[in-house]
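> could you look at this predicted model? Sequence included:
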Amino acid sequence: VQLQAFGGGLVQAGGSLRLSCAASGRSFSGFVMGWFRQAPGKEQEFVGRIRWSNEITYYADSVKGRFTVSRDNAKNMVYLQMNSLKPEDTAVYYCAADDTGWGQAYKYWGQGTQVTVSS
């Protein structure tokens, strides 16, 4: 399994950004795909996840209502749409895959992509 996240950049507060994660190596029908982030000097934080098979999503309270996780089955892509961005959303964002289907143990990780939100 290989994951490649991209789409980060610099955006002003209140703006939007969409991150993408290209997944390859096998079928992901039984997987849960997650997004995490890590800000400088802080611990890694869960952002959101999607169950590949039925597209059920779950979000951290800090991003609920602003961020949306989706997936494109035909392209094997996972997306993180981020709206109403805040300076505190600044972090390196990672996509990850959990092959157990429970969304609690992410075995596969992509490289991070930097998101910087200016005030």
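Received it, and whenever you're ready, just let me know what you need. Residues are numbered from 1 along each chain as shown.

> okay, and the beta partners of the residue sitting nearest the centre point of the chain?
For the chain, residue 35 is the residue whose C-alpha lies nearest the centre (CA atoms, centre = their mean; 2.7 Å). Taking DSSP bridges, one finds residue 48, residue 95 as the beta-bridge partners of residue 35.

> what pLDDT does the model give it?
We have a pLDDT of 98 for residue 35.

> now for residue 64, how many residues are close by?
The number of residues packed near residue 64 is 10, by other CB atoms under 10 Å. In short, each C-beta sits where N, CA and C put it, glycine included.

> and for residue 95?
30.

> do the same with the one 4 residues further on
A total of 15 residues lie near residue 99 under the criterion other CB under 10 Å.

> list phi and psi for it.
For residue 99, the backbone dihedrals (degrees, to the nearest 10) come out as phi -90, psi 0.

> roughly how far is stretch 20-33 from the heart of the chain?
Using CA atoms, centre = their mean, to the nearest Å, the mean C-alpha position of stretch 20-33 is found 12 Å from that of the whole chain.

> hey, C-alpha coordinates of that stretch in CSV?
In CSV, the C-alpha atoms belonging to stretch 20-33 read as follows (Å, rounded to 0.1, in the frame of the first residue of the first chain):
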residue,chain,number,x,y,z
SER,A,20,-5.7,14.9,-2.0
CYS,A,21,-4.4,11.5,-1.2
ALA,A,22,-3.5,9.0,-3.9
ALA,A,23,-3.9,5.4,-2.7
SER,A,24,-2.4,2.5,-4.6
GLY,A,25,-1.3,-1.1,-4.1
ARG,A,26,-4.5,-2.9,-3.5
SER,A,27,-8.2,-2.7,-3.2
PHE,A,28,-9.3,-0.4,-0.5
SER,A,29,-12.9,-1.6,-0.1
GLY,A,30,-12.3,-2.8,3.4
PHE,A,31,-10.3,0.1,4.6
VAL,A,32,-10.9,3.2,6.6
MET,A,33,-8.9,6.2,5.3
